[in-house]
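1. Fold the following.
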Amino acid sequence: MGYPAYYTAYGGQPPARTGASNAVIAPYGPFACGDGKTIFLGIQNSREWARFCAEVLGQPALASDPRFATNPLRLANRAALHAIIEARFATLSAAEVVALLERVGVANARLNSVQEFWDHPQLAARNRWRTVETEVGEVAALLRLDELQTLRVRVVGMLRRRGR
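-> Here you go, the predicted model:
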């Protein structure tokens, strides 16, 4: 909430609600790929914008297009810009989009489905699962945040006792 708070306090009004988009950066947010998966991306400066146009979209002239040449222009023409990005991403898998974005240095992430979250190996690797007894038998449950805090306090205490 830091950014919206500062924007409101010092800008005179709150930023417009944009869902997963960004009120002051474009393109930014989720984009569907040809394999049905979704990629989040955020273009943060003019250099990234030029490389994104040339190497990801395959349209180098788009970087200087009068509708998109600056971030404020991209914001004003967000719908048209998103249509161009979505058309390109529809021809690629999420893995291909991520590889292109990584190559040009654009911040990105793949959106996991709820099932992919549930199955994510890091939850097991970080010992976040517990077995809980219920009326219908044992079920897997994620470690609660308050349990994580208790665990952190125990680990910090153990490290202090060891002089670390």
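2. so how far is the host helix or strand of Leu100 from its chain's centroid?
-> Using DSSP states H and E, Leu100 sits in helix 94-104. Between the centre of helix 94-104 and the centre of its chain there are 14 Å (CA atoms, centre = their mean, to the nearest Å).
3. cool, and stretch 71-78?
-> With CA atoms, centre = their mean as the basis, stretch 71-78 stands 20 Å off its chain's centre.
4. which outside residues touch that stretch?
-> Stretch 71-78 is contacted from outside by 21, 24-27, 43, 49, 66-68, 81, using CB atoms under 8 Å, 6 or more residues apart in numbering. All C-beta spots, glycine's among them, are computed from the backbone N, C-alpha and C.
5. Top of these by number of neighbours, please.
-> Ile43 (25 neighbours; other CB atoms under 10 Å).
6. Just give the nearest non-adjacent residue to Leu41, would you?
-> Distance criterion CB to CB, 6 or more residues apart in numbering; nearest residue to Leu41, sequence neighbours excluded, is Asn108 at 4.5 Å.
7. what residues are up against that neighbour?
-> Contacts for Asn108 were tallied using CB under 8 Å, 6+ apart; they are 39-42, 97-98, 101-102.
8. Just confirm it is within a strand.
-> Yes - Asn108 sits within a strand when classified using DSSP: H, G, I helix; E, B strand; the rest coil.
9. Just the pLDDT for it.
-> As predicted, Asn108 sits at a pLDDT of 98.
10. before we move on, what about the one 5 residues further on?
-> On pLDDT, Ser113 comes in at 76.
11. Ok, the one 4 residues further on next?
-> In this prediction, Phe117 carries a pLDDT score of 82.
12. Okay, it and Leu75: tell me how far apart.
-> Distance of Phe117 to Leu75, computed by CB to CB, to the nearest Å: 31 Å.
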